[in-house]
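In: I would like the atomic coordinates for the input below:
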Amino acid sequence: MPGTRTQHLKITTDFSDTPCGVGGLSESAKADTLREAHSTRLCVKRRPRPGNISSIPFRRSLLTEQGDIGIVLSGGGARAAYQVGALRALAPFLARDPEQISVILGSSIGAINGLVFAACLNKGLEHSIELLDQLWRTRTYRNTFANSPSRAFLRAIRVALMQYLAPGPHATQDSIFNPAPLMAQVDEAIASHGGLSPDKRAPHLKSVGVMTTIEGIERKPMLFVSTHKQVQQDVLRGASFELCYVEELTAKHGFASAALPSVLPPVELDTSVGKVRLVDGGISQNVPVDPAARMGAHRIIVIDISGRDWWLDRFGEAHDTRPTWEVPAGHDTFCVRPPETLVVRCKKPLGTILREAVHGSHSKFITAVGPTWPIFQLLKKKFGEVVAYEVMSYVALDQDYLTGIIEQGFYETTTLLRNRRELPFMSEGSEEPQPEPTAAKQ
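Out: Just a heads-up that it's a prediction; the model follows:
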């Protein structure tokens, strides 16, 4: 095909940043795929398997354009402001050829950032980042949520007790917050830039999507995507998520992805199979790298604000540990890994930035965490102050705190990119890039 070339991708169930594969290919799926003898070599890794047994090789054609870049934004509550700073640090590299950005996917709050960022790209990269910056720096509880503070406080007490007795995002109709004001602001930002249909957004954006979770007896991941053309079924073989094509993505899709049970209300949307109730996409895939690769991204930039590694280190767990509430992938699914990735993740625990932002002021802290203050008190009593502040870093809305994590995102990403002429993408098997040493003064 003119303008394209076959790329090497890796299919694996061992991608620690995404919970999209816990089993290997079924025998029938493997047989079907082996019959496709094309030019691209991929690998399937089963889990569990003895360490001395290598991957199972097979061949398949999976074409992407050489320049295609995907941006994947993870969930992490208010910590999403970090993504703004990271994008600002990446901007000088991306601005050299902004039309390389062909896929934008997000999960949970990252889905909302992704929709705003994608909608505004038709007015330029800097404009998109600037609008996101303004969106986050002005956040308060009063302009984000519609709840009566007293009612939200009572709901927070009930949720705190439920979580104390049985931690996890359990199905419920109750929620602490009603995000109607923020939803309206996001819809306005999208509409004022022409919307997110393929013919209205930046023409180089081939696919924009949000990861959600279907709520029910058995939770299932569902990706809502607006794309120039439907993905071939061959490419979707082994995917752990259902795909729902939509012409126009709106704030409602973003908030379906961000609807963490007990915190934000579930969202109902119409699909080709009927109306579905949706909750937080982070329950299924908080870092949707596999879907971005299947959408055609050759190089993927991940901005991960989950803080997952910090929590696992804090409690002495291995980095491939999965929480019990996370939706497991089916045994006949596998992950597609892109040829090259660049992972940006917060290095510093953001709870310390929150603690510094409130300056020991009790009233400022209460204003920052709003009705979730009872949860902080319970966590502090059970796990200590450090853990309690880190939990609050996901919900705090305070100008000094949000400014602090925007700056932290910019600083840490700039440090990663220091003295680099090109973005330090890493290929399969290579080590995560480290900051280049500062040149010695003459």
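In: And stretch 220-231, what's buried?
Out: Lys220, Pro221, Met222, Leu223, Phe224, Val225, Ser226, Thr227, Val231 (16 or more other Cβ atoms under 10 Å). Glycine gets a C-beta too; all of them are placed from N, C-alpha and C.
In: Run through the residues that contact the fourth one.
Out: When contacts are counted by Cβ atoms under 8 Å, 6 or more residues apart in numbering, Leu223 touches Leu105, Gly209, Val210, Met211, Thr212, Phe241, Glu242, Leu243, Cys244, Pro288, Pro291.
In: which ones among the residues you listed are found in strands?
Out: Cross-referencing those with the strands (criterion: DSSP state E) gives Leu105, Gly209, Val210, Met211, Thr212, Glu242, Leu243, Cys244 as the overlap.
In: so which of the residues you listed comes closest to Ile375?
Out: Compare each of those with Ile375 using Cβ to Cβ and the shortest gap goes to Thr212, at 24.6 Å.
In: Surely the closest one and Pro221 touch.
Out: Yes: taking contacts as Cβ atoms under 8 Å, Thr212 lies within contact range of Pro221: 7.4 Å.
In: returning to that earlier point: and the ones in strands among the contacts of Leu223, which two are the farthest apart?
Out: Comparing the members of the ones in strands among the contacts of Leu223, the greatest separation, given Cβ to Cβ, is between Leu105 and Glu242, at 14.8 Å.
In: what about the two, which has more around it?
Out: Between Leu105 and Glu242, Leu105 has the larger neighbour count (other Cβ atoms under 10 Å), namely 31 against 16.
In: hang on, Ala258 packs against Ile112?
Out: Yes: the criterion here is Cβ under 8 Å, and Ala258 meets it with Ile112 at 5.9 Å.
In: Compare those two (neighbour count), which wins?
Out: Summary of the neighbour comparison: Ala258 and Ile112, criterion other Cβ under 10 Å, with Ala258 having more neighbours (31 against 26).
In: Tell me where the model's unsure across the stretch 1-150 of the chain.
Out: Filtered on pLDDT under 70, the stretch 1-150 of the chain yields the residue ranges 1-67, 148-150.
In: So which residues of it form strands?
Out: Along the stretch 1-150 of the chain, counting by DSSP state E, counting those that start in this stretch, strands occupy 5-6, 10-12, 41-44, 56-59, 63-64, 69-73, 101-107.
In: anything in contact with each of Thr212 and Pro221?
Out: Residues within reach of Thr212 and of Pro221 at once, by Cβ under 8 Å, 6+ apart, are Gly281, Ser284.
In: Narrow the buried residues of stretch 220-231 to those in strands?
Out: Mapping the buried residues of stretch 220-231 onto strands (DSSP E) picks out Lys220, Pro221, Met222, Leu223, Phe224, Val225, Ser226, Thr227.
In: if I read this right, Ile375 contacts Tyr389, doesn't it?
Out: No: with contact defined as Cβ under 8 Å, Ile375 and Tyr389 do not form a contacting pair (11.9 Å).
In: max-length helix in the chain?
Out: With DSSP state H setting the assignment, residue counts place helix 399-417 as the longest helix in the chain.
In: residues contacting the residue nearest in space to the middle of the chain?
Out: Geometric centre of the chain, nearest residue: Ser74, 1.8 Å, by Cα atoms, centre = their mean. Applying Cβ under 8 Å, 6+ apart to Ser74 gives the contacts Gly106, Ser107, Ser108, Gly110, Gly282, Asn286, Val287, Val302, Ile303, Asp304, Ile305, Ser306.
In: what's near enough to touch the closest residue to the first one other than its chain neighbours?
Out: Think Gly106. In space, and not counting its chain neighbours, Gly106 is closest to Gly114: 3.2 Å by Cβ to Cβ, 6 or more residues apart in numbering. Neighbouring residues of Gly114 by Cβ under 8 Å, 6+ apart: Ile71, Leu73, Ile104, Leu105, Gly106, Val208, Val210, Gly254.
In: a markdown table for those, including distance to Ala180?
Out: As requested, these are exported to a markdown table (distance: Cβ to Cβ, whole Å):
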| residue | distance to Ala180 |
| --- | --- |
| Ile71 | 28 |
| Leu73 | 23 |
| Ile104 | 25 |
| Leu105 | 25 |
| Gly106 | 20 |
| Val208 | 23 |
| Val210 | 19 |
| Gly254 | 13 |
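In: Just give me the closest of those residues to Ala189.
Out: Closest approach between those and Ala189, by Cβ to Cβ: Gly254, at 10.8 Å.
In: what about the closest one, which SS state?
Out: When classified by DSSP: H, G, I helix; E, B strand; the rest coil, Gly254 comes out as helix.
In: For the spatially closest residue to it that is not a sequence neighbour, give me its contacts.
Out: The spatial neighbour of Gly254 that comes closest, neighbours along the chain excluded (Cβ to Cβ, 6+ apart), is Ile112 at 4.1 Å. Listed by Cβ under 8 Å, 6+ apart, the contact partners of Ile112 are Ala80, Gly106, Val186, Ala251, Gly254, Phe255, Ser257, Ala258.
In: Now with 7 Å, please.
Out: Contacts for Ile112 (Cβ atoms under 7 Å, 6 or more residues apart in numbering) come out as Val186, Gly254, Phe255, Ala258.
In: Also Cys346?
Out: In this structure, Cys346 makes contact with Tyr82, Ile305, Gly307, Gln408, Glu412, judged by Cβ under 7 Å, 6+ apart.
In: Let's see that with 10 Å instead.
Out: 76, 79, 82-83, 85-86, 303-307, 309-310, 353, 393, 405, 408-409, 412-413 (Cβ atoms under 10 Å, 6 or more residues apart in numbering).
In: just Thr321 next, same as before
Out: Counting by Cβ under 10 Å, 6+ apart, Thr321 touches Ser16, Arg308, Trp311, Leu312, Phe315.
In: tell me how far whichever helix or strand comes after the longest helix of the chain is from the chain's mean position?
Out: Using DSSP states H and E, the helix or strand that follows helix 399-417 in sequence is strand 426-427. When C-alpha coordinates are averaged (Cα atoms, centre = their mean, to the nearest Å), strand 426-427 and its chain have centres 20 Å apart.
In: what about Ser363, neighbour count?
Out: Should you count by other Cβ under 10 Å, Ser363 turns out to have 8 residues around it.
In: Next, the angle helix 399-417 makes with the host helix or strand of it.
Out: Element membership of Ser363, judged by DSSP H and E, is helix 362-369. When axes from the mean of the first three to the mean of the last three Cα atoms, to 10 degrees is applied, the directions of helix 362-369 and helix 399-417 differ by 70 degrees.
In: which outside residues touch helix 362-369?
Out: Taking Cβ under 10 Å, 6+ apart as the criterion, the residues outside helix 362-369 that touch it are 78, 140-142, 156, 354-355, 357-359, 361, 373, 375-376, 388-389, 391-393, 395-402.
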